[in-house]
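A.B. asks: Here is a sequence together with a model predicted from it:
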Amino acid sequence: MGGIDWSLSESWGELGREWWENNGKACACSSEQIKFAVLRHGGSSATAAARGAGYSGTGVAMRQAGYRTLRSTGVTNLLALATAADGLDDGAITDAEVDAKIAKLVRSADARVSIAAIEAREKQKARRAAEAGPEPERTPDEVLLDIIKAGGIAAATAILFSAGDIGWDLKATPLLAPHCRKDMAGLWARIRGELSGHEQAFDDSAMASCFRSRKSYRVSSGTLLRGGVVKRHSTERFA
């Protein structure tokens, strides 16, 4: 058996004997093909994997056995499942190829293959999420952008200017303020009367100044434009 004691748990790697044998059977692999896949997944060359799996022959014959086994449908599918399950690979298959194979296996007519692929895909998702770590905290401008996309400018304007502590340093503030002044006169008047020291920010001259310093920014209900604001086909400028 090429010097490998398959009765030892360490010979089966981190996935373990039960995983390999169950998924190998689901992929219609022989015992030798399963052991070949274990070794190949662990980094062995195709020839070394064939030798360790118990294939007979020497020299050219062993290399041919490794070549054929590596390219067999069952072993290819089993290696894709293993890579999805633990994230390890020998460099012979890319992440995109693994994803494509798993997606194909999920739709397999063989229920055993489909179930194995679904389980491997879920492990893959969990592993990738853990590797990516927590999502970075979103900025207020990003939150307002989502609000504009989902509910429109009026909703974002109302939320921003109804807040107890308006973010005067936000990119959205000088761009949404004209909407507040024009369409929400009551809210506009209340804020201007309550905010000491910020009245100038509501004056026409200040708004024009804010606009001139940010000529690339436009607001509507469509597509992201740099700076965390959005634009539409018929763009509205604020002057």
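C.D. replies: Noted; the coordinates are in hand.
A.B. asks: So for residue 112, what's the pLDDT?
C.D. replies: You'll see residue 112 listed with a pLDDT of 81.
A.B. asks: That one contacts residue 26, doesn't it?
C.D. replies: Yes: using Cβ atoms under 8 Å, residue 112 is in contact with residue 26, at 4.0 Å. Yep, even glycine has a C-beta here, placed from its N, CA and C like the rest.
A.B. asks: more crowded one of the two?
C.D. replies: residue 26 (22 against 14; other Cβ atoms under 10 Å).
A.B. asks: Where does the prediction get shaky in the chain?
C.D. replies: By pLDDT under 70, the low-scoring segments of the chain are 1-2, 89-94, 135, 163-168, 194-239.
A.B. asks: just the helices in it please.
C.D. replies: Taking DSSP state H as the test, the helices found in the chain are 16-26, 31-41, 46-53, 60-70, 73-86, 95-106, 111-132, 140-151, 153-162, 173-183, 185-194, 204-212.
A.B. asks: can you list those in a markdown table and add distance to residue 7?
C.D. replies: Output for those, formatted as a markdown table (distance: least, Cβ to Cβ, whole Å):
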| stretch | distance to residue 7 |
| --- | --- |
| helix 16-26 | 9 |
| helix 31-41 | 12 |
| helix 46-53 | 14 |
| helix 60-70 | 22 |
| helix 73-86 | 21 |
| helix 95-106 | 30 |
| helix 111-132 | 24 |
| helix 140-151 | 56 |
| helix 153-162 | 65 |
| helix 173-183 | 70 |
| helix 185-194 | 76 |
| helix 204-212 | 75 |
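A.B. asks: Of all those helices, which one is nearest residue 5?
C.D. replies: Residue 5 sits nearest to helix 46-53 of all those, at 10.7 Å, using Cβ to Cβ.
A.B. asks: Pull the distance from that closest one to the chain's centre.
C.D. replies: Remark: helix 46-53 is offset 35 Å from the chain centroid, using Cα atoms, centre = their mean, to the nearest Å.
A.B. asks: Could you do stretch 33-51 as well?
C.D. replies: Stretch 33-51 sits 31 Å away from the centroid of its parent chain (Cα atoms, centre = their mean).
A.B. asks: now residue 72, nearest residue through space, not along the chain?
C.D. replies: Setting aside the residues directly before and after it, residue 72 is nearest to residue 33 in space (Cβ to Cβ, 6 or more residues apart in numbering), at 6.6 Å.
A.B. asks: Let me see the contact set for that neighbour.
C.D. replies: For residue 33, the contacting residues are 24, 53, 69, 72, 74-75, 78, by Cβ atoms under 8 Å, 6 or more residues apart in numbering.
A.B. asks: And it, how far from residue 185?
C.D. replies: Distance, residue 33 to residue 185, using Cβ to Cβ, to the nearest Å: 76 Å.
A.B. asks: Same question for residue 34.
C.D. replies: Using Cβ to Cβ, we find residue 34 at a distance of 75 Å from residue 185.
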